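A.B. asks: heads up, no residue letters with this:
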């Protein structure tokens with residue numbers, strides 16, 4: 001092998017090493033994120049890494065791109081929907097970039113994580129509103145709906161949020177109880193409560209306080225049925241949940257975003273409505289029943305041991 005080939009091989013090894021460092025644990029990511037979004041996002045990471053661009057600035061780019069996508073959705077014509085779908089895909093890619101840069105530079109913060117989440121909600125809300133305005137232009141067929149498309153958009157948005165919350169919750173629990181890679185949702189809530197108490201008297205921390213309060217409200221919704229922290233044997237939890245967590249990912253935020261993008265390219269909102277309101281909700285209910293029974297089974301098994 002020539003010196004040039006050796007050099008190229010070493011460079012590839014280094015790039016792959018950086019890529020592995022920049023992503024989360026492979027089982028933590030949604031399938032579409034891991035195999036489609038992150039490889040593309042790494043191109044942006046390589047471009048941004050040598051610069052002074054921070055993860056929070058990338059989150060701002062994500063928000064702006066998502067709002068631009070919403071604007072083109074609001075125009076309601078075929079070409080605008082294709083542009084909107086493309087911009088939404090770019091927003092999804094950029095949404096991966098901030099975390100990847102933070103991991104490579106080791107400069108991620110707890111508040112930065114919340115900013116990333118807030119950005120996701122701003123983008124999602126903007127896109128739904130943009131689609132609603134676009135439908136109202138009368139250029140896309142929504143006559144198949146039995147009543148106002150705004151009601152269907154509202155139901156779809158609520159479904160989307162519930163799906164995202166459940167996926168986020170069970171992903172966090174799997175990472176905590178199955179892999180020991182991060183704190184459980186219960187422990188995360190305590191961590192941010194302590195942080196809020198620490199900065200509550202600091203006048204220059206108003207923005208951080210608001211973000212933490214919003215996050216704690218979100219955590220409370222996830223933990224509304226839990227009076228005590230649940231404790232599982234790690235090996236048992238991993239064994240029973242490794243397939244379930246992968247199944248949850250197919251109604252996660254990325255899967256929903258891809259459905260919006262596909263329906264935009266096809267100029268067929270029925271694809272989006274049928275999946276989000278119909279298929280995904282039926283899938284969620286069945287999977288949730290299986291998940292609850294599985295976790296109860298693990299707890300009973302642990303008590304016997």
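C.D. replies: Looks like it arrived, so ask away. Keep in mind it's a predicted model, so treat the numbers as computed, not measured.
A.B. asks: what about residue 267, how many neighbours?
C.D. replies: 18 (other Cβ atoms under 10 Å). Bear in mind the C-beta positions are built from the backbone N, C-alpha and C, glycine included.
A.B. asks: ok, it - contacts?
C.D. replies: By Cβ atoms under 8 Å, 6 or more residues apart in numbering, the contact list for residue 267 reads 78, 81, 140.
A.B. asks: confidence score at the closest residue in space to residue 78 that isn't next to it in sequence?
C.D. replies: Nearest-residue entry for residue 78: residue 267, 5.2 Å, with adjacent residues in sequence omitted and distances by Cβ to Cβ, 6 or more residues apart in numbering. According to the prediction, residue 267 has pLDDT 94.
A.B. asks: Provide the contact partners of stretch 280-293 at residue level.
C.D. replies: So stretch 280-293 is contacted by 159, 162, 163, 166, 170, 244, 247, 248, 250, 251, 256 (Cβ under 8 Å, 6+ apart).
A.B. asks: Can you give me the distance of the nearest residue to residue 85 once chain neighbours are set aside to residue 155?
C.D. replies: Leaving out its chain neighbours, the residue that sits closest to residue 85 by Cβ to Cβ, 6+ apart is residue 264, at 3.4 Å. Using Cβ to Cβ, to the nearest Å, residue 264 is found at 19 Å from residue 155.
A.B. asks: Helices - which of the contacts of stretch 280-293 land there?
C.D. replies: Taking DSSP state H, the ones among the contacts of stretch 280-293 that sit in helices are 159, 162, 163, 166, 170, 244, 247, 248, 256.
A.B. asks: What's the local residue count around the first one?
C.D. replies: Residues contacting residue 159 under the criterion other Cβ under 10 Å number 19.
A.B. asks: Wait, it touches residue 275, no?
C.D. replies: No - contact criterion Cβ atoms under 8 Å: residue 159 and residue 275 do not qualify, at 9.8 Å.
A.B. asks: for the stretch 151-300 of the chain, which spans come out with low pLDDT?
C.D. replies: For the stretch 151-300 of the chain, the stretches with pLDDT under 70 are 181-192, 194-196, 199, 203-230, 300.
A.B. asks: Let me see the domain layout of the chain.
C.D. replies: 3-184+229-304, 185-226 (automatic domain parsing).
A.B. asks: okay, the ones you listed, which one's buried deepest?
C.D. replies: Highest mean neighbour count of the domains of the chain: domain 3-184+229-304, a mean of 17 (counted as mean count of other Cβ atoms under 10 Å).
A.B. asks: Helices along the stretch 151-300 of the chain, start to end?
C.D. replies: Along the stretch 151-300 of the chain, counting by DSSP state H, counting those that start in this stretch, helices occupy 185-199, 206-222, 234-248, 253-266, 269-273, 280-304.
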